[in-house]
Every structure is written in C-alpha cells, then in structure tokens.
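Student: Starting from these lines, generate the structure:
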Amino acid sequence: MDRQKFSEQFQPGPRAVDVYVELGNVELRSHESDAAAVEVTSRHMDVHVQMKENTLYIHVEQRKGWRDASGLSKAKQPKAELLIELPADCQVHAKSVCGQLIIDDFDAPISTHVITGNTYLKDCDGPLDAKAVTGAIRYQGCLAPQNHQFHVTTGAVELALAKLPDARLDMAAGVGSIHCEYPVANASRSRYVTGDKLKGLLGSGDGRIKARTITGSVRLTAI
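Tutor: Numbers count the residues shown, from 1 in each chain. The predicted structure follows:
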C-alpha cells in the first residue's frame, strides 16, 4: 500500500473542496486550521491533489492497466482510504463510485453523490444535497432551517435528529415505507400498495427537508 500526505493552504474568502474517488472509502472532517490536510493510503490508484482558485481538487482513480481486477484476490485489488481535514466553512462536493463516504462537522453547503456505498453525515449546519444510487444515506445531528435534499434509488434514507427541525417536510418511498417520530402539522399522508408519501410542517416550517427513495425506506427519528 502506498501512503501519501498533502498539505494545501486556503486563501481568505470562499473555499471549497472537490473530491472524486473511484474505489475506496473517504472521511472528511473539519479542524481549526485554515489549511487542508490530506492522507491517502492506496493500492494501484493514481492520486491527484491540486489547489486552484481556492478550490482543492482531490481525485483518486484506478491506475491504467488495473481496470480489470476481477481475477485478483481482495488483498491485491485496487483500493484507497482517504482522510481529509478542512476548515469548517469549506464547501464540500464529494463523489464516490464505489465505497463509503463520511462527512462530519461542517458549516458550509455539502453535496454528495455515491454510486454504490453508504453515506454518513453528522453535525452539518449548511444545506445538504445527498444522492446515492445503491446504498444508504444516514444523517445524525441537528438540521438547520435550510434546503435539504436526500435521494436514494435503492437503499434507505435515515435522518436521526437531536431536536425538532424547522422545515417543510416532503418524504416519499416508491416501494417501501415511511416513518417519522416528530409531530407533523398539516400532514398529508398517501399510502399505496407498495409505497408511501408524507408531507407537512415540522416546527416553524422555515426550511425544507425532501427525502426520496425509489426502492427502500425513509425514516426520520428523534435521538
């Protein structure tokens, strides 16, 4: 396994990170420094880290010649493990083709897209836009009165909230069920043979929570 460390300094003003990982697990968390710290452990992967116009680009892809690793043992297949530490006000864009994505404790907008794998979000104060094709999206913490969207094709959306959010609620499961532990005002519920929909107001209704699955459950619970 190759191990690499990178350090990049952000300039004053808006800052962002753009992460693309083809195969592997990624953890992004905030720290108090204005610099970005990146640790990559990888096998048969090309790692590119570049700062451009106060956006840090981190792209990790399978090395050419290792595209077909199906005949290799698991211990020899391409993979990557990334730990990325950033200022809390850094906007995050993250995409993973296959692997786990963890994002913890940011104050800025976050957008994620995972093709196959689970997404874990925790204690984020900015608007969230999380998408997954196959896998679960799980959030834990409080949700600020912002515009939040969670969409999964096959899997689950699970929101475990520490307090009642202020939001217009729009939950739908095409094939699956919906569960909400908080009281919903002006609730509109539609149940079908295979699916479920719930709309209404949580708290003051200042923000918006839109959660969708095509196949799978949608849960909003209190912690």
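Student: Could you spell out the sheet neighbours of the least confident helix or strand in the chain by mean pLDDT, each with its direction?
Tutor: Across the helices and strands of the chain, the lowest-confidence element by mean pLDDT, DSSP states H and E is strand 185-191, at a mean of 91. Strand pairing for strand 185-191, determined by DSSP bridges: strand 196-202 (antiparallel).
Student: name the helices or strands packed onto the helix or strand just after the strand it pairs with?
Tutor: Sequence-wise, the next helix or strand downstream of strand 196-202 (DSSP states H and E) is strand 207-222. Judged by 3 or more Cβ pairs under 8 Å, 6 or more residues apart in numbering; DSSP states H and E, strand 207-222 is in contact with strand 147-161, strand 167-175, strand 178-180. C-beta coordinates here come from the backbone N, C-alpha and C atoms, glycine included.
Student: care to break the chain down by domain?
Tutor: 1-67+76-100, 127-223 (automatic domain parsing).
Student: Span of the shortest one from start to end?
Tutor: One end of domain 1-67+76-100 sits 19 Å from the other (Cα to Cα, to the nearest Å).
Student: do the same with the longest one
Tutor: End-to-end distance for domain 127-223: 20 Å, by Cα to Cα.
Student: what's around residue 124, how many residues?
Tutor: 26 (other Cβ atoms under 10 Å).
Student: which SS state does it fall under?
Tutor: coil (DSSP: H, G, I helix; E, B strand; the rest coil).
Student: What residues sit buried inside stretch 194-208?
Tutor: Neighbour counts over stretch 194-208 (16 or more other Cβ atoms under 10 Å) mark 195-203, 205, 207-208 as buried.
Student: likewise stretch 206-222?
Tutor: Buried residues in stretch 206-222, defined by neighbour count with 16+ other Cβ under 10 Å: 207-220.
Student: Please produce a markdown table containing those, extended by pLDDT and distance to residue 24.
Tutor: Formatted as a markdown table, the buried residues of stretch 206-222 follow (pLDDT from 0 to 100; distance: Cβ to Cβ, whole Å):
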| residue | pLDDT | distance to residue 24 |
| --- | --- | --- |
| 207 | 97 | 33 |
| 208 | 98 | 32 |
| 209 | 98 | 30 |
| 210 | 98 | 29 |
| 211 | 98 | 27 |
| 212 | 97 | 27 |
| 213 | 98 | 25 |
| 214 | 97 | 26 |
| 215 | 97 | 26 |
| 216 | 97 | 24 |
| 217 | 96 | 27 |
| 218 | 98 | 28 |
| 219 | 98 | 28 |
| 220 | 98 | 30 |
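Student: Compile the helices and strands packed on strand 207-222 into JSON lines and extend it with columns for mean neighbour count, mean pLDDT and distance to residue 78.
Tutor: Listed next are the helices and strands packed on strand 207-222 as JSON lines, based on neighbours: other Cβ atoms under 10 Å; pLDDT from 0 to 100; distance: least, Cβ to Cβ, whole Å:
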{"stretch": "strand 147-161", "mean neighbour count": "21", "mean pLDDT": "98", "distance to residue 78": "24"}
{"stretch": "strand 167-175", "mean neighbour count": "20", "mean pLDDT": "97", "distance to residue 78": "34"}
{"stretch": "strand 178-180", "mean neighbour count": "18", "mean pLDDT": "96", "distance to residue 78": "38"}
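Student: Make CSV out of those and add distance to residue 99.
Tutor: Below are the helices and strands packed on strand 207-222 laid out as CSV (distance: least, Cβ to Cβ, whole Å):
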stretch, distance to residue 99
strand 147-161, 15
strand 167-175, 25
strand 178-180, 28
